[in-house]
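Student: Provide a 3D model corresponding to the input given below.
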Amino acid sequence: NFQMGNTCNYACWYCFPGSHEGTYRWPDLDLATKNLEHIINCYKEIGKTEFQIDLIGGEPTLWPELIKFTQHFRNLGCTFHLSTNGSRTLSWWEKNGGEFDTVYISCHHERIDVEHVSKLADMLWSKHNNVICDVLMDTKDWDTCVTIVDRLLESETSFPVNVKPIKLGNTTQDTTYEQSQYLLNQRKRNPKQDEI
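Tutor: Numbering: from 1, shown residues only. This next block holds a predicted model:
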């Protein structure tokens, strides 16, 4: 896991403290590259050959050097999983979406543009089969969250859609019986085989 900073264009009430204050903007590209190369070389010395880097933030796609960073490490054989709110423009994603092996879009009901995220996920799934939408289910605004899930399930492609309970530290948000039943099966859609 590489937490790239705490700059985010969202400020969800349930995010962990320090996750979006903007007090640590972005890493220095040269320093981050040297540090990660050092870590990878240490693992190579003990026989490791595969390296999966999970990029988290804040919102990692806001880092201006993100693609230079990923391209450098792709050349060293690394794979990348990205956790994002998906708020960058479709043109940004069309240009850069293939840079990531998996894109996890966290859908936050307070801020999401569900039409944008649906189009984005359709595009990423059509071009790269590399997207999963995770809807954070806030029990304080449950119906809105269910509406987001339902809208994503109406998409043109069959990208995976999951629902996730909100955790506050080590504690999961309290749910009603009906809500807990909805959350039992967290995968609300598996992709169609022909699309895979």
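Student: ok, the residue most central in space within the chain to residue 131 distance?
Tutor: Closest residue to the average C-alpha location of the chain: residue 83 at 2.2 Å, with Cα atoms, centre = their mean. Distance of residue 83 to residue 131, given as Cβ to Cβ, to the nearest Å: 12 Å. Bear in mind the C-beta positions are built from the backbone N, C-alpha and C, glycine included.
Student: ok, longest helix in this protein?
Tutor: Using DSSP state H to assign secondary structure, the helix with the most residues in the chain is helix 29-45.
Student: list the buried residues in it.
Tutor: Using 16 or more other Cβ atoms under 10 Å as the test for burial, helix 29-45 gives 32-33, 36, 40.
Student: what is the nearest of those residues to residue 183?
Tutor: Compare each of the buried residues of helix 29-45 with residue 183 using Cβ to Cβ and the shortest gap goes to residue 36, at 35.7 Å.
Student: ok, that closest one to residue 25 distance?
Tutor: In this structure, residue 36 lies at 18 Å from residue 25, with Cβ to Cβ as the measure.
Student: same check, this time on residue 165
Tutor: To residue 25, residue 165 is 31 Å away according to Cβ to Cβ.
Student: please report phi then psi for residue 176.
Tutor: Recorded main-chain torsions at residue 176 are phi -80, psi 170, according to degrees, to the nearest 10.
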